[in-house]
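S.K.: the following comprises the amino acid sequence and a computationally predicted model.
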Amino acid sequence: MQKFRKAFRRLEDPRAANARHPLLEVLLVLLAAVICGAASCAEIAEFGRSKKELLRLFLLLEHGIPSHDTFSRVFRLLDPEAFERAFRQFMAAFAKANGLKLSGVVAVDGKALRGAYERGAKATPLHLVNVFAVEARMALAQHKAPGRNETAGALEVLELLCLEGCIVTADALHCHRGFAEAVLKRGGEHAPVIKGNRGLLFETVTQQFARSGKRSTTRQIDRSTHDRSETRTATVMRNKTLAKRFPGVVAVGRITSRRRLRGQRADPPVVRYYLLSKYLPPKRLLYVTRSHWGIENSLHWVLDVHFAEDANRARKDHAPENFAILRRLALNILRAHPDRKSIRLKIKRAGWDNAFLMQLLSHMR
């Protein structure tokens, strides 16, 4: 746990100087509880009491297990920007120690915390922007969208990251000059979707594919076990003239998808266009664009289903952001463990099997 202590020991304790429980001990109990599936401060306190002897193997706990009020106070008062900065520092050290590659395809997308709303404001829950390393399947960063403005939140979180060796993917909301410039400034490459809302720029891209010209094309058929198959065709054309209108563009890509259910006619084709700051062979473009959905399937879905993130009603002060950071940290640790079982089974086993929980926590060294 040395890397955890090193990354989080500099966090400023927001409580009074006479606080009985050291902040680092509180955070370690919080993390262990969330790894085991605790979803509220009351559950965390109950976890601490039931696992007191185990926790004392690596924590002093001079004054016993903190109360649920103490856990709640820490969540509400802790500076989320400093906590997230420590999270990124820890993840960099954790990835290096465990041989995890945080480059490659990096997906950016927003996610609302559906339960994090004040009374009478159900339609405006807290909105976060997540950054996800697809190949390592690790959450890299989280940032609150100011005024629920996901575009502004994405620009702010990109400023915090090193994107050397990364291809950053995003949906059409982020297809604008500011996003592209931010990615290039941090050393990465971008591959956003472009849609009709970009007006003349979108028309220029579609017209290029309508005209004759040198292009590379490949086709891929994905057969699934859900009685359907999907044919995806990728075409890439070089275009450096667009760089004057959109930063860094050297090529444009098109993905045409057509799905067919067993025993039925194929659905109408769906066509998507991409602006590329790096020329990608069609086969690579298929992989990159498909990989973007990893942030939905491997992060957002897992957080909602296995950590009940949308149902969590932490909503006061900084509690929603801090709890969200802790869930992402717990997920990263669970996923990095070499056991091939599902996240759900790992969570269950961590709660039932003290030896396995110690393996997970010692894995942070």
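M.R.: Great, that's in hand.
S.K.: where does the stretch 101-250 of the chain dip in pLDDT?
M.R.: Confidence mapping of the stretch 101-250 of the chain against pLDDT under 70 gives the ranges 225.
S.K.: any chance you could map the helices in it?
M.R.: 150-158, 177-185, 200-210 (DSSP state H, counting those that start in this stretch).
S.K.: and the ones you listed as CSV, adding distance to A121 and mean neighbour count?
M.R.: C-beta coordinates here come from the backbone N, C-alpha and C atoms, glycine included. Output for the helices of the stretch 101-250 of the chain, formatted as CSV (distance: least, C-beta to C-beta, whole Å; neighbours: other C-beta atoms under 10 Å):
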stretch, distance to A121, mean neighbour count
helix 150-158, 18, 21
helix 177-185, 28, 18
helix 200-210, 35, 14
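S.K.: quick one: which of these is nearest L345?
M.R.: Judged by C-beta to C-beta, the one of the helices of the stretch 101-250 of the chain that comes nearest to L345 is helix 150-158, at 31.5 Å.
S.K.: how far off centre is the closest one?
M.R.: On the basis of C-alpha atoms, centre = their mean, to the nearest Å, helix 150-158 sits 13 Å off its chain's mean C-alpha point.
S.K.: dump it to PDB, restricted to CA.
M.R.: This file holds the C-alpha atoms of helix 150-158, laid out as PDB (Å, rounded to 0.1, in the frame of the first residue of the first chain):
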ATOM      1  CA  GLU A 150     -19.800  18.600 -20.800                       C
ATOM      2  CA  THR A 151     -17.900  20.400 -23.500                       C
ATOM      3  CA  ALA A 152     -16.200  22.700 -21.000                       C
ATOM      4  CA  GLY A 153     -15.600  19.800 -18.600                       C
ATOM      5  CA  ALA A 154     -13.800  17.800 -21.300                       C
ATOM      6  CA  LEU A 155     -11.500  20.700 -22.100                       C
ATOM      7  CA  GLU A 156     -10.600  21.100 -18.400                       C
ATOM      8  CA  VAL A 157      -9.900  17.400 -17.800                       C
ATOM      9  CA  LEU A 158      -7.700  17.200 -20.900                       C
END
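S.K.: ok, the residue of the chain most remote from its centre to C175 distance?
M.R.: For the chain, the largest distance from the centre (C-alpha atoms, centre = their mean) belongs to S212, which lies 39.7 Å off. Using C-beta to C-beta, to the nearest Å, one gets 26 Å for the distance from S212 to C175.
S.K.: tell me how many other residues crowd the nearest residue to P66 once chain neighbours are set aside.
M.R.: Of all residues not flanking P66 in the chain, H21 sits nearest, at 4.7 Å (C-beta to C-beta, 6 or more residues apart in numbering). A count of nearby residues for H21, using other C-beta atoms under 10 Å, gives 22.
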